[in-house]
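J.: sequence-free structure coming up:
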């Protein structure tokens, strides 16, 4: 069972990591704190919803992705015949929160120097139209008219015959009767103009919006409209003759159409869900599909002639969602084999565009774990005989990152550890090294589960030099340890209880380190290997350990009769009496001598919520010190402490203000001990509306402290946080 120490009064969980000073000179009061840029692990991502090719060497695909700040933004990428490359695309004004979520759903490129793309975004709890054009060098947002008396307009697809004519279709809600209405507009090379569209009402009063369109000239377009689970409207088809839209009859029992492709006024294909329909110039007719795809999700179609079309979509094989494709030869549809990315359990081909019978591009997305990670952009190519995977542009996007602990030995070396989510949605090790100029992520090996999936997280780190650090944490089958040798991290075998959190470590020398887990299990390092040590007893939870030598360590935590402290004398643990409430908890300890230790944690306040707690050990007794809480504090705690002498300590943690402007959101907290009193230092918060947490600190001879933790970025995704005080 995993056990992670939580701050019950906080809406965001915080792991209380003990951090241990490297020792050294006196520490100046850390009154000025600044945020230090730290990297985050990223995930290649993206989803491609539409593609259009004007030749085998000119294709454009569009969709959306999660950027490095956790915000969804538009995505466009270009195929030049050799590679896919991401393009810069504009986004709606105000796309700074997850709720806006713009996406490009349709694209049409009649020539290599022109494309039109359409989609939607959220604005004030309703959908809004997104339209962009490509002029051969850049994408530009285009104003799009909104029907009078409309609500939640959105565009689904676009079809262009030249840079001077495009047709975009979608839907909107009529404010007068709340009916869904088909939406169509034409591009004349400069502006978009709304067109009048007829609609068809079923017996229940439902009407459909447009979902697909294909044009062969400014005087000939076909559009199809369909309902959905929230709007069980009748399917409709309409023809644009250059002057007006006219209703057409669709086959009885028609299903929702996702895509259309016309090669002339006398030939079109429309596909959707598990059906295909053909237009012969006078009527729509349902077609027979191969049994292998008859129950699949068909999402795209592209035709180069009445005798050559490709359709793509998503199927299911052995419980996994896989891409599918089928070809039309003028008389029937035949299934084709499509490759899937290695390890993917979900693959969806959303769209296809063919420049010729021997050149097609299909795009979509794939995931390793459907329920655990964001999609990754997918592209495949057809050469006339088979489909092959391509490397789509998958932009770097945000994923959960957190730093739990840090250890500094000089102004030019610190090691920080934590965890991040990998592409499978599993927690894996994160380690960063400070070289005096910048923080850089260092590759760390991960333990794997019995199923082969990486699953590791680092909680604590202790360094004695720039060439020796021990980091500890948990993996799928037990404790996780890694050693830094000055250039790389190496996983070590370590005994101990299986998967107990947290795992905290303190090294006195390169030949002696002690690990203590939350249940009091102990392991010791002798310079070459880890072995089981004497367990800490009498604690309900052990939060931290600080070692000065093989014959002196101090451990603190929480016990059934109050917070606990105990000392290691090289042979056994000797319990120490701690004063105060039985509800007190000590989360971290830092010792500079056997007669000088400082412990930090929390104690219940008058409102029942935690307030900061600090206690000092003088070699014979623990004494509670007075620790101020921030003004307007609703609840606060100290998660970690680091000392360079009995008169110089800094503790960090979190505070929740009762102020309405930031109610319930955690803010960083730092307090400094000067040998006489604790005072609050001013720490910056990178997020003004979300969580800001400091969970580890290390203060050294450079008269500076480095604290680590996490904050929620603009997309509400946890990101690494490093702050330095001097």
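T.: Alright, I've got the coordinates. All of these numbers come straight from a predicted model, not from anything done at the bench.
J.: return the residues in contact with the closest residue to residue 146 other than its chain neighbours.
T.: Leaving aside its chain neighbours, residue 146 sits nearest to residue 153 (5.5 Å; criterion: Cβ to Cβ, 6 or more residues apart in numbering). From N, CA and C alone the C-beta is placed, and that goes for glycine too. By Cβ atoms under 8 Å, 6 or more residues apart in numbering, the contact list for residue 153 reads 127, 128, 129, 146, 147, 170, 171, 172, 183.
J.: skip the chain neighbours and tell me the closest residue to the second one.
T.: Right, residue 128. Residue 128 sits nearest to residue 121 (Cβ to Cβ, 6+ apart), 5.6 Å away.
J.: what's the nearest residue to residue 470 if we skip its chain neighbours?
T.: residue 513 is the one closest to residue 470 (Cβ to Cβ, 6+ apart), at 4.8 Å.
J.: bridge partners for that neighbour, pull those for me.
T.: residue 507, residue 525 (DSSP bridges).
J.: from residue 521, how far off is it?
T.: Separation of residue 513 from residue 521 (Cβ to Cβ, to the nearest Å): 15 Å.
J.: low pLDDT regions in the stretch 401-550 of the chain?
T.: For the stretch 401-550 of the chain, the stretches with pLDDT under 70 are 448-453, 477-478, 496-499.
J.: residue ranges of the helices in it, please?
T.: Assigned by DSSP state H, counting those that start in this stretch, the stretch 401-550 of the chain shows no helices.
J.: that one: strands as residue ranges?
T.: 401-410, 413-421, 427-434, 439-442, 457-465, 468-475, 478-484, 489-492, 503-509, 512-517, 522-525, 530-532, 541-549 (DSSP state E, counting those that start in this stretch).
J.: redo the ones you listed as a markdown table? Include mean neighbour count and distance to residue 555.
T.: Below are those laid out as a markdown table (neighbours: other Cβ atoms under 10 Å; distance: least, Cβ to Cβ, whole Å):
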| stretch | mean neighbour count | distance to residue 555 |
| --- | --- | --- |
| strand 401-410 | 27 | 16 |
| strand 413-421 | 26 | 20 |
| strand 427-434 | 24 | 24 |
| strand 439-442 | 16 | 29 |
| strand 457-465 | 27 | 13 |
| strand 468-475 | 27 | 14 |
| strand 478-484 | 23 | 16 |
| strand 489-492 | 16 | 22 |
| strand 503-509 | 25 | 9 |
| strand 512-517 | 26 | 6 |
| strand 522-525 | 22 | 9 |
| strand 530-532 | 15 | 16 |
| strand 541-549 | 25 | 5 |
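J.: now residue 269: how far from residue 680?
T.: Distance from residue 269 to residue 680, by Cβ to Cβ: 69 Å.
J.: of these two, give the one with the bigger neighbour count.
T.: residue 269 (25 against 18; other Cβ atoms under 10 Å).
J.: which ones are touching the residue nearest to residue 556 when sequence neighbours are not counted?
T.: Spatial nearest neighbour of residue 556, excluding adjacent residues (Cβ to Cβ, 6+ apart): residue 586 at 3.8 Å. Contact analysis of residue 586 by Cβ under 8 Å, 6+ apart lists 543-544, 556-558, 563-565, 578, 599-601, 613, 615.
J.: which of the residues you listed fall in strands?
T.: Counting by DSSP state E, the part of those found in strands is 543, 544, 556, 557, 558, 565, 599, 600, 601, 613, 615.
J.: now do the same contact list for residue 235.
T.: With Cβ under 8 Å, 6+ apart, residue 235 has these contacts: 208, 224, 225, 226, 227, 250, 254, 255, 256, 257.
J.: and the closest residue to residue 625 other than its chain neighbours, how far from residue 673?
T.: Closest residue to residue 625 apart from its sequence neighbours, by Cβ to Cβ, 6+ apart: residue 614 at 4.6 Å. Per Cβ to Cβ, residue 614 is found 7 Å from residue 673.
J.: try residue 618
T.: 14 Å.
J.: compare the two (neighbour count), which wins?
T.: A side-by-side neighbour count of residue 618 and residue 673, using other Cβ under 10 Å, places residue 673 first with 25 against 12.
J.: count of residues packed around the residue nearest to that one when sequence neighbours are not counted?
T.: Excluding its sequence neighbours, the residue lying closest to residue 673 (Cβ to Cβ, 6+ apart) is residue 649, at 4.1 Å. Neighbourhood size, residue 649 [other Cβ under 10 Å]: 31.
J.: quick one: residues contacting residue 649.
T.: Contacts of residue 649 by Cβ under 8 Å, 6+ apart are 27, 590, 598, 641, 642, 643, 672, 673, 699.
J.: cutoff 10 Å now
T.: 21, 27, 590, 592, 596-600, 614, 616, 625, 641-643, 671-675, 678, 697, 699, 705 (Cβ atoms under 10 Å, 6 or more residues apart in numbering).
J.: also residue 383?
T.: Residue 383 neighbours (Cβ under 10 Å, 6+ apart): 56, 358, 359, 360.
J.: of those, which is the most crowded?
T.: residue 360 (28 neighbours).
J.: and the nearest residue to residue 420 once chain neighbours are set aside, how close does it get to residue 718?
T.: Using Cβ to Cβ, 6+ apart and skipping the chain neighbours, the partner closest in space to residue 420 is residue 41 (4.0 Å). Counting by Cβ to Cβ, the gap from residue 41 to residue 718 is 11 Å.
J.: same thing with residue 90?
T.: Residue 90 is 28 Å from residue 718, by Cβ to Cβ.
J.: which one of the two is surrounded by more residues?
T.: residue 718 (25 against 16).
J.: OK, contacts around the more buried one?
T.: 12, 40, 70, 398-402, 418-421, 690-691, 693, 709-712 are the contacts of residue 718 under Cβ under 10 Å, 6+ apart.
J.: residues touching the residue lying closest to residue 398 once chain neighbours are set aside, list them.
T.: Nearest residue to residue 398, sequence neighbours excluded (Cβ to Cβ, 6+ apart): residue 70, at 3.9 Å. Counting by Cβ under 10 Å, 6+ apart, residue 70 touches 40, 97-98, 397-400, 712-719.
J.: with residue 578 instead?
T.: 556, 559, 561-566, 584, 586, 599, 615, 617, 621-624.
J.: list only buried entries from the residues you listed.
T.: 556, 559, 562-566, 584, 586, 599, 615, 617, 622 (16 or more other Cβ atoms under 10 Å).
J.: save these as CSV, and put in pLDDT and distance to residue 308 too.
T.: Output for the buried ones among the contacts of residue 578, formatted as CSV (pLDDT from 0 to 100; distance: Cβ to Cβ, whole Å):
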residue, pLDDT, distance to residue 308
556, 97, 74
559, 90, 77
562, 82, 80
563, 85, 76
564, 90, 77
565, 97, 79
566, 97, 79
584, 94, 77
586, 97, 74
599, 98, 76
615, 98, 80
617, 98, 82
622, 97, 83
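J.: circling back to that earlier point, helix, strand or coil: sort out the residue nearest to residue 398 for me.
T.: Counting by DSSP: H, G, I helix; E, B strand; the rest coil, the backbone at residue 70 sits in coil.
J.: give me the common contacts of residue 618 and residue 673.
T.: residue 646.
J.: tell me the bridge partners for residue 349.
T.: residue 364.
J.: tell me how far the helix or strand of the chain at the bottom of the mean pLDDT ranking is from the chain's mean position?
T.: When the helices and strands of the chain are scored by mean pLDDT, DSSP states H and E, strand 478-484 comes last with a mean of 85. Strand 478-484 sits 26 Å away from the centroid of its parent chain (Cα atoms, centre = their mean, to the nearest Å).
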